[in-house]
Structure formats: structure tokens, C-alpha cells
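>>> model the structure of this input:
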Amino acid sequence: MNNLLGIITSIIFVIGILAVATILEKKKIIQGEGSRKLIHITLCNWWFVAMIFFDKGIWAGIVPLLFVIINYISYKKQLIPAMERGGGKEDLGTVYYALSLLILGVWTFSIHKPYIGAIGILTMGYGDGLAALIGQKYGKIKYQIHGKIKTIEGSIMVFISTFVITMCIIPLIGQPIKLSMGITLALIATLLESLTPWGLDNLTLPIGTSLIYALMIA
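Got it, this is the predicted structure:
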């Protein structure tokens, strides 16, 4: 019963975020990339909903699988404008986002260690999302990788976000705080976000960060 309630709550949560972003975009309060990043950042908090309700990987994977399909259809048909850029090859980020939730949900909930997935998903949501916003607004020092322009300021935001997330999650699960672990994961996340080509960072960043964290605590 708890799992079914979790699915219902999850769907309401996701639809609510999409609805708010769509309304804000139509009212021109936020536009374009702003609406995408609002969704990108707030949606990662679904992981907390999952941790409250789901007790098995198969249940944690149902909603992300549903949105892998929905997001791909939206990408092809531009069904949810607030979520889409315009149909380029690198615009599959929303699909990769949901796919990361699916992979990490099934994996970490199956081994009853969802906090491993939490570090990767929250890093993707807050680190990557805030990096884009900070980079666009305040980025002065630019560099180019795989033909894509990034900023040092944005990369620093990924580092800071990952470090803070790691330092917050570690004590919550009863582990001693290790600055070396936070710094290591922050460096890895920053490199993954910076070096990943073809818009695949919504896969490599969360999965890679969670995988390294799992190996560090094994």
C-alpha cells in the first residue's frame, strides 16, 4: 500500500513541478532555459519522496520509467515546451535525467542503500542546474570542450554543490564526516559535468558520482 501511495504521490509531485514551470513561462516570469533549469533543480527532490515510500528497486523504478517514455515523446513532439529546448541531438537531457533516476532507483533501492543514489541525483539536480544558471549570469571565464562553451564559475558551482550535498548526507546515515570524501566526489562530479560530450552529463554525472561513492564506502 505504501508503494502504491508513493507512485501516486510521485506522479502528483512531478506533474505539479511541470505545471508550475509551464504557468511561470506563460506568464513570462521565467522563460526558455530558466523554466528548464527550474524543472531540472526541483525535480531531483523526488528522491526524498522515493525514500519515504519505496522499499524495493522495482517500485522505485516505475515512475522514472514512465517519465523516460513521456519525456522521449515530449522531446519528439515538443509536448511540454517548458521542458524542451528545440529538438537538437543534445536536447535529450530530460530523457537522460529520467533514465538516471530509473537506473539509480532500481540499483540503490534494491540494495537498500538509496542514500548512494541520493548523492548522484542531488548532484545532478542542484550541481548541474545551478552551474548552468550561475555560468549564464555571472560566467566570465569561459572554456570550450567538445565544442560546447562552459564557464569556470559554473564548474566551481558543481564542485561546491557536490561537496555540500556529500557533507550533508554522510552524517545523516551515521557515517563520520570525511572532508577527503567530499572533495574527491566534488572533483569527480566537476570533471564528469565538464568533460562529458553530447549532452550525456545527465547520465554520467549522477551515475558516476554514485558509483564512486559506493566504491568508497564498500
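>>> for the chain, just list every one of the strands.
Using DSSP state E, the strands of the chain run over 142-145, 148-151.
>>> deepest-packed of those, please.
Ranked by average neighbour count under the criterion mean count of other C-beta atoms under 10 Å, the strands of the chain are headed by strand 148-151 at a mean of 16. (Each C-beta comes from the backbone N, C-alpha and C, glycine too.)
>>> in its sheet, what does it sit against?
strand 142-145 (antiparallel) (DSSP bridges).
>>> mind listing what residue 145 touches?
Each residue near residue 145 by C-beta atoms under 8 Å, 6 or more residues apart in numbering is listed here: 194-195, 197.
>>> buried stuff in the lengthiest helix in the chain?
Counting residues, the longest helix found in the chain (DSSP state H) is helix 2-26. Residues 6-7, 9-10, 13-14, 17-18, 20-22, 24-25 are the ones in helix 2-26 that count as buried (16 or more other C-beta atoms under 10 Å).
>>> for stretch 187-206, list the C-alpha coordinates in CSV.
Extracted in CSV, the C-alpha atoms of stretch 187-206 (Å, rounded to 0.1, in the frame of the first residue of the first chain):
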residue,chain,number,x,y,z
LEU,A,187,36.2,16.8,-8.1
ILE,A,188,34.8,13.8,-9.9
ALA,A,189,31.4,15.4,-10.4
THR,A,190,33.0,18.6,-11.7
LEU,A,191,35.1,16.6,-14.2
LEU,A,192,32.2,14.5,-15.3
GLU,A,193,30.0,17.6,-15.9
SER,A,194,32.8,19.4,-17.8
LEU,A,195,34.1,16.6,-19.9
THR,A,196,31.0,14.5,-20.9
PRO,A,197,30.1,15.1,-24.6
TRP,A,198,26.8,15.1,-26.5
GLY,A,199,24.7,16.2,-23.6
LEU,A,200,25.1,12.9,-21.7
ASP,A,201,26.1,14.5,-18.4
ASN,A,202,22.6,13.8,-17.0
LEU,A,203,23.7,10.2,-17.1
THR,A,204,27.4,10.3,-16.4
LEU,A,205,27.2,12.8,-13.5
PRO,A,206,24.7,11.2,-11.2
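>>> give me the distance between the closest residue in space to residue 146 that isn't next to it in sequence and residue 172.
Once flanking residues are discounted, residue 146 sits nearest to residue 197: 3.9 Å by C-beta to C-beta, 6 or more residues apart in numbering. Using C-beta to C-beta, to the nearest Å, residue 197 is found at 34 Å from residue 172.
>>> before we move on, back to that, contacts for the longest helix of the chain, please.
30-31, 34-35, 38-39, 42-43, 46, 49-50, 52-56, 59, 62-63, 66-67, 80-83.
>>> can you pick the most crowded of the contacts of residue 145?
Per-residue neighbour counts (other C-beta atoms under 10 Å) across the contacts of residue 145 peak at residue 194, which has 19 neighbours.
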